[in-house]
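Asks: I'd like to go over a predicted model; first the sequence, then the structure.
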Amino acid sequence: MNPADPKTLDREALDGDLLAWIGEARWQHDDDRFGALALRLFAHQFECCAPYARFARGRGLTPESVEDWREIPAVPTGGFKELALRGFPRARTIKTFRTSGTSGQKAGELHLDTLALYEASLLSSLATLLLPGHLAGSDASASIRIRVLAPSAAEAPHSSLSHMFEVLLERFGSPASGFDVLGGQLQSEALLGHLEAAETDGEPVLLCGTAFAFVHLLEDLEARGRALRCPTGSSIMDTGGFKGRSREMPREELYAALTRRLGVPASHIVNQYGMTELGSQFYDSVRVDPGGPRRKLGPPWARVRFLDPESDREVRPGEAGMVVIHDLANTGSVSAIQTADLGRAILDPGGAPIGFEILGRHPGAEARGCSIAADEMLTSPA
């Protein structure tokens, strides 16, 4: 790494400006600031990531022709399965996160040469949207009992979710915090012991994990004929789908069961929307706007758009479209990503977007994304 290299200096300046934004005491949604940083980042990634430059040129887009951040070409998530979309030499990689996918499928990968932006972004979002009052700049002694229904980062070193939970525990977890999935198995008996201790102590607990793991916990509680009453102020963060051992469980049914078996009201159950390919995540609004509609909110250094699957044009506000995310925290990879999900903006009474919701997967979107990557990025070696 040559500190005098203009590419290195440009990246350091970008990272510094973004870290300064993330580190501000309160979120500021500044469209001008976002647009300027997004265009600078596109120019940097175009220059430093050859497969992405080929992808952009194939659409007739270059840093000279793109004048608005909405014009920045978004790479389908399938592209992360075909190529190492990194904007730095392979030798500088310090962390690689991999998608879980299904058996036999090639995993997508996000390569990082620093964790500074990634961790700053996730801590700010966790503090603001999941743990209001526990802002990252607050008293370092502030802590909460956190139990995680997922493996630790030591057990799942390539899981971005496990890494996120490790960072969460390190920053906000009390000594009674820990992981309750070992060897791929939910340690139900031990977890119930921790929850009973919290109930006895009257200490609020934050339960985090995949929706799948919570379904397992509920099925185990049902089999045991048990129910707990987590202390007032307890909350749950779930992520992923809602499929159990033998059936699909709608979100409303899952949340009602969590309230019934654990005593945590739906107003304190927060769903996270994120993916391995991103540097930032989105959370339900219920902790910061309990009186408003449940919708996804994200940090000001990320933007969400919705495109018509056929024309790739932006749909009208409130209409369903393919979810495209522009995430400035992804400086070392590609900041604009087209997901395989359908979503729509949630509007206020005046018709202005105030968040969004995910409607589900778009049939065939993942295969289409891999095809696009193969056709437009594999012209020459990465």
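Replies: Looks like it arrived, so ask away.
Asks: low-scoring stretches of the stretch 151-300 of the chain, by residue?
Replies: Counting by pLDDT under 70, the stretch 151-300 of the chain contains low-confidence ranges at 241-248.
Asks: Y52: what secondary structure?
Replies: What DSSP: H, G, I helix; E, B strand; the rest coil gives for Y52 is helix.
Asks: who touches it in this structure?
Replies: Shown in contact with Y52 (C-beta atoms under 8 Å, 6 or more residues apart in numbering): Q45, F46, V75, L85, G87, V334, M377. Bear in mind the C-beta positions are built from the backbone N, C-alpha and C, glycine included.
Asks: at 6 Å instead, please
Replies: Q45, V334 (C-beta atoms under 6 Å, 6 or more residues apart in numbering).
Asks: okay, now stretch 95-110: how far is its last residue from its first?
Replies: 8 Å (C-alpha to C-alpha, to the nearest Å).
Asks: pull out the buried positions in that stretch.
Replies: Using 16 or more other C-beta atoms under 10 Å as the test for burial, stretch 95-110 gives T96, F97, R98, T99, G108, E109, L110.
Asks: repeat that for stretch 48-63.
Replies: Neighbour count says stretch 48-63 has C48, C49, A50, P51, Y52, A53, R54, F55, A56, L61, P63 buried, by 16+ other C-beta under 10 Å.
Asks: quick one: which of those is nearest to R316?
Replies: R316 lies nearest to L61 out of the buried residues of stretch 48-63, by C-beta to C-beta, at 23.5 Å.
Asks: for stretch 254-273, list the C-alpha coordinates in CSV.
Replies: These are the backbone C-alpha positions of stretch 254-273, laid out as CSV (Å, rounded to 0.1, in the frame of the first residue of the first chain):
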residue,chain,number,x,y,z
LEU,A,254,-44.6,-14.9,14.8
TYR,A,255,-44.8,-11.6,16.7
ALA,A,256,-48.1,-12.6,18.4
ALA,A,257,-46.4,-15.9,19.5
LEU,A,258,-43.4,-14.0,20.8
THR,A,259,-45.6,-11.7,22.8
ARG,A,260,-47.6,-14.7,24.2
ARG,A,261,-44.6,-16.8,25.1
LEU,A,262,-42.0,-14.2,26.1
GLY,A,263,-44.1,-11.2,27.1
VAL,A,264,-42.5,-8.8,24.6
PRO,A,265,-45.1,-6.6,22.9
ALA,A,266,-45.0,-6.1,19.1
SER,A,267,-44.1,-2.5,19.7
HIS,A,268,-40.7,-3.7,21.0
ILE,A,269,-40.1,-6.3,18.2
VAL,A,270,-37.9,-4.9,15.5
ASN,A,271,-37.2,-6.6,12.2
GLN,A,272,-33.9,-5.9,10.5
TYR,A,273,-33.4,-5.8,6.7
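Asks: what sits up against it?
Replies: 130, 218, 221, 227-230, 234-239, 242, 281-284, 286, 290, 296, 358.
Asks: tell me where the model's unsure across the stretch 1-150 of the chain.
Replies: For the stretch 1-150 of the chain, the stretches flagged by pLDDT under 70 are 1-6, 101-104, 133-141.
Asks: hey, where'd the helices end up in it?
Replies: Under the criterion DSSP state H, counting those that start in this stretch, helices of the stretch 1-150 of the chain are mapped to 6-22, 31-48, 50-57, 79-82, 116-125.
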